[in-house]
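> below is the sequence, then the predicted model.
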Amino acid sequence: MQDHEKETAALIEELRAARARIEALEAGDEPWARENNFKELAEASPDGIVVADPESRIVYANTRAAEITGYSVDELVGLVGFESITRPQDRAGYRKIMEQRMGGEAHQATYERIVVRKDGTEVNTEFTTTTTLWRGAPAPMATIRDITERKRLEEETAELEALLRRSQKMEAIGQLAGGVAHNFNNVLCVITGNAELVLDDLPAESPLRESMEDISEAANQAARLTRQLLTFTRKHPIEPKTINLSQLMQRMHSMLTQLIGEDVILRTETTERPGWIRVDPGQVEQVLLNLVVNARDAMPNGGDLLIETADVSQDDDRLFHGKDTPGDYVMVAISDTGCGMSAEVSDRIFEPFFTTKDQGEGTGLGLSTAYAIVEQNGGRIAVTSEPGKGSTFKVYFPRVDVGAETHAGAQTHDPAGAQETVLVVEDEEMVRNLAVKLLDHRGYQVLSASSGAEALALVEHHEGPIDLLLTDVVMPHMDGRELADRALDRRPGMKVLYTSGYTKNLISQHGVRSEDVSFIAKPYSLGTLAARVREVLDGE
């Protein structure tokens with residue numbers, strides 16, 4: 001009887017245990033059931049999941065972990081430690097983190113790690129480590145997320161933010177340059193103009209003549225520096241002129257020598273009778289400066305820099321690879337003995353923001369700006385280069401016939417026909433007085449006003465004709481455009497010539513764009529003012 005009771009009790013206990021196992025299975029509490037549920041969830045995860053045993057040997061990896069690492073699931077299982085799939089230099093730190101986790105010193109943590117794939121390539125990943133139960137025992141688990149695309153977007157965003165900051169700095173520089181240039185140009189206008197007037201009256205044998213010529217040349221150099229600054233900030237009014245490229249190179253020679261340093265030897269070879277080109281001199285100077293700076297940077301240990309000018313004719317398709325119709329061009333070539341470029345780099349050298357320099361050392365805008373300027377002026381720019389053999393940039397500008405044109409100086413000392421009346425409107429007294437003297441020196445009848453209201457009174461009450469209104473653009477109370485509109489209502493046949501020392505963007509805000517009106521930028525010389533006034537009066 002006693003044995004029967006024992007058997008019955010044992011049977012009841014087994015039934016209870018079986019029922020408990022069934023309940024645990026239904027609830028997912030059985031170790032193997034929990035493991036199966038975990039695997040189903042892990043396989044559905046978009047992230048890689050790996051689990052290690054207390055000895056840090058990987059005992060489980062899902063399919064996504066195999067895809068990220070380049071190993072198969074079977075290859076991952078059995079590897080010792082999660083750090084075995086990270087870079088060698090990161091493994092010690094990673095091992096320390098896992099030891100702290102197994103020792104209960106750390107909670108769940110997320111950090112970036114470089115995973116080394118089976119083929120040796122590296123993948124940016126985000127590791128999230130925690131502890132879990134694996135077959136009834138605590139085990140470290142890591143979730144691996146591929147963040148390659150996110151990192152790429154972050155880097156692109158950082159580059160765009162850096163470009164934006166540089167752009168904002170350039171805009172601030174441009175605004176500062178505009179304000180400085182206005183005041184500086186007014187001062188230079190007075191210096192250059194009065195120096196020319198004195199030189200005109202000085203005898204050739206005067207001991208003062210050399211000093212006055214030095215003053216005039218120094219002022220002209222200062223004016224060129226101001227134009228270069230404004231061109232660099234893309235604020236300078238575009239003023240196409242007929243110029244001689246070889247003469248321009250000769251004027252820039254001293255500045256270029258200082259720019260490239262003592263370890264680069266500069267040589268220039270110019271044709272004796274070069275053709276003429278119709279361009280903005282400031283823009284051409286910027287192109288040459290950018291190309292020379294690029295050549296200098298390609299020769300960090302010094303070298304030779306050769307600048308050549310020549311007249312060329314495109315009588316076949318070889319010059320521009322069939323892109324242009326035949327014609328005559330003036331070429332400037334800049335050759336260096338620097339490091340040279342591969343074909344891949346040469347193909348991209350004119351792309352905006354493309355640079356081979358280290359971060360922070362270049363904007364990637366110099367050559368792209370040069371390319372844009374040359375194209376805008378109807379020219380072409382090409383590069384030939386080989387690694388270790390230097391580079392040659394060739395710039396071609398269309399050659400123009402100057403037979404029917406008036407270039408600087410052609411009529412600057414010929415007052416014939418200067419019988420018209422010019423109304424000069426300028427709020428700066430020194431500049432106004434200078435303009436009056438310059439035009440009076442050329443035989444014009446000159447009226448002057450210091451404001452728009454004063455000018456309108458003259459327009460209304462002057463008994464004789466007023467052939468030309470020479471007005472500053474930016475003036476208090478009434479700007480030049482408003483003055484011109486109101487003056488033309490009273491004298492419809494009057495010509496208008498605008499002038500300003502401000503930048504192109506600012507004067508355009510006052511309704512004046514130099515490409516659709518007659519305009520002369522300050523500082524102007526006696527010759528340039530006389531020539532421009534004559535052109536406007538003659539309707540050229």
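Right, received. Where do you want to start?

> from here on, just use CA atoms for contacts and neighbour counts.
Will do.

> quick one: low-confidence residue ranges for the stretch 51-200 of the chain.
The stretch 51-200 of the chain contains residues with pLDDT under 70 at 81-82, 93-108, 166-167, 169-182.

> what ranges do the strands span in it?
For the stretch 51-200 of the chain, the strands defined by DSSP state E, counting those that start in this stretch cover 58-61, 109-116, 122-134, 137-146.

> could you redo these as TSV and give each row distance to Thr242 and mean neighbour count?
Formatted as TSV, those follow (distance: least, C-alpha to C-alpha, whole Å; neighbours: other C-alpha atoms under 10 Å):
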stretch	distance to Thr242	mean neighbour count
strand 58-61	75	21
strand 109-116	60	17
strand 122-134	57	19
strand 137-146	60	21
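
> now those strands in CSV, with distance to Val446?
Below are these laid out as CSV (distance: least, C-alpha to C-alpha, whole Å):
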stretch, distance to Val446
strand 58-61, 93
strand 109-116, 77
strand 122-134, 75
strand 137-146, 78
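
> which of those sits closest to Asn185?
Distance to Asn185, taken as C-alpha to C-alpha, is lowest for strand 122-134 among the strands of the stretch 51-200 of the chain, at 55.3 Å.

> so which elements touch the closest one?
Here strand 122-134 touches helix 88-102, strand 109-116, strand 137-146, helix 148-201, going by 3 or more C-alpha pairs under 8 Å, 6 or more residues apart in numbering; DSSP states H and E.

> make it 7 Å
Applying 3 or more C-alpha pairs under 7 Å, 6 or more residues apart in numbering; DSSP states H and E, we find strand 122-134 packed against strand 109-116, strand 137-146.

> partner strands of that strand, with direction?
According to DSSP bridges, strand 122-134 forms sheet pairs with strand 109-116 (antiparallel), strand 137-146 (antiparallel).

> quick one, helices of the stretch 401-540 of the chain?
Per DSSP state H, counting those that start in this stretch, the stretch 401-540 of the chain carries helices over the ranges 429-441, 452-461, 480-490, 504-508, 526-537.

> to Met341, which of the helices and strands packed on strand 122-134 lies closest?
Taking C-alpha to C-alpha, strand 109-116 is the member of the helices and strands packed on strand 122-134 nearest to Met341, at 32.3 Å.

> got the strands paired with strand 122-134 as CSV, with distance to Leu439 columns?
Formatted as CSV, the strands paired with strand 122-134 follow (distance: least, C-alpha to C-alpha, whole Å):
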stretch, distance to Leu439
strand 109-116, 74
strand 137-146, 75
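
> helix or strand: which one has Val292?
Per DSSP states H and E: Val292 is located in helix 281-297.

> follow-up on the earlier one: Ala343 is nearest to which of the strands of the stretch 51-200 of the chain?
The nearest among these, by C-alpha to C-alpha, is strand 122-134 at 27.9 Å.

> any idea how far the closest one is from the middle of the chain?
42 Å (C-alpha atoms, centre = their mean, to the nearest Å).

> what angle sits between it and helix 148-201?
Interaxial angle of strand 122-134 relative to helix 148-201 (axes from the mean of the first three to the mean of the last three C-alpha atoms, to 10 degrees): 150 degrees.

> can you give the contact residues for strand 122-134?
107-116, 138-148 (C-alpha atoms under 7 Å, 6 or more residues apart in numbering).

> likewise stretch 71-79?
57-63, 66, 118.

> one more pass at 8 Å, please.
57-63, 65-66, 117-118 (C-alpha atoms under 8 Å, 6 or more residues apart in numbering).

> okay if I get these as CSV plus distance to Ile243?
Listed next are the contacts of stretch 71-79 as CSV, based on distance: C-alpha to C-alpha, whole Å:
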residue, distance to Ile243
Arg57, 79
Ile58, 77
Val59, 80
Tyr60, 78
Ala61, 74
Asn62, 73
Thr63, 71
Ala65, 68
Ala66, 68
Arg117, 62
Lys118, 64
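
> Ile373: which of the residues you listed is nearest?
Relative to Ile373, the closest of the contacts of stretch 71-79 is Arg117; by C-alpha to C-alpha it sits at 47.7 Å.

> distance check, that closest one against Val80.
16 Å (C-alpha to C-alpha, to the nearest Å).

> just to revisit the earlier point, so for Pro300, which of the helices and strands packed on strand 122-134 sits nearest?
strand 109-116 (35.2 Å).

> distance from the closest one to the middle of the chain?
Here strand 109-116 is found 35 Å from its chain centre; the criterion is C-alpha atoms, centre = their mean.

> cool, and stretch 457-477?
Mean C-alpha position of stretch 457-477 versus that of the full chain (C-alpha atoms, centre = their mean) differs by 42 Å.
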